[in-house]
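Participant: Okay, predicted coordinates and the sequence, questions at the end:
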Amino acid sequence: MPTAIAKKVITFSLVSIPVSVHPATSQHRVPLHMVHDRGGGRLRYRRVCKLDGQELAEGEIARGVEMPDGGTLVLSRQDLEQLPTPDTKEIRVLGFLNESRVDPLHYDNPVAMSARSGQLALKVVQ
């Protein structure tokens with residue numbers, strides 16, 4: 001079984017079923033790396049500031065948001081921790097669609113779900 005990409009809960013009215021979400025397909029590509037043509041040494045990426053050309057250490061890098069005036073608002077780790085996050089642990093089933101109503105655009109990354117625990121609850125729903 002592939003590694004789970006998320007752990008969720010499917011809720012049908014009063015019944016909740018914990019599930020693991022797995023990729024339904026896998027890539028069959030050979031990973032190619034950028035290497036030096038002489039010797040095969042792998043390349044490194046350097047993080048360089050566009051303003052002053054200075055190479056930055058990991059501890060000097062922050063997240064930022066571009067403002068309407070073109071400036072950048074730098075966010076601290078504390079700022080990011082205080083941002084509200086949506087509850088992403090629950091999948092609420094509101095209804096079912098006929099297969100013909102699903103745009104094929106959404107077929108690119110199919111996923112499969114498997115019960116994590118609560119096998120009894122899964123059998124009750126079946």
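Facilitator: That came through fine. Residues are numbered from 1 along each chain as shown.

Participant: CA only for contacts and neighbour counts going forward, please
Facilitator: Will do.

Participant: Show me which positions of stretch 10-27 end up buried.
Facilitator: Residues 10, 16-23 are the ones in stretch 10-27 that count as buried (16 or more other C-alpha atoms under 10 Å).

Participant: Need the residues you listed in TSV (columns: pLDDT, secondary structure and distance to residue 35).
Facilitator: Formatted as TSV, those follow (pLDDT from 0 to 100; DSSP: H, G, I helix; E, B strand; the rest coil; distance: C-alpha to C-alpha, whole Å):
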residue	pLDDT	secondary structure	distance to residue 35
10	83	strand	45
16	81	strand	49
17	82	strand	47
18	85	strand	43
19	85	strand	40
20	85	strand	37
21	84	strand	35
22	82	strand	32
23	80	strand	30
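
Participant: Report the two of the residues you listed separated the most.
Facilitator: The largest separation in the buried residues of stretch 10-27, counting by C-alpha to C-alpha, is between 16 and 23 at 21.8 Å.

Participant: I'd like to know which helix or strand in this protein has the lowest mean pLDDT.
Facilitator: The least trusted helix or strand in the chain, going by mean pLDDT, DSSP states H and E, turns out to be helix 119-125, with a mean of 51.

Participant: where do the helices sit along this structure?
Facilitator: 77-82, 119-125 (DSSP state H).

Participant: This completes my enquiry, with thanks.
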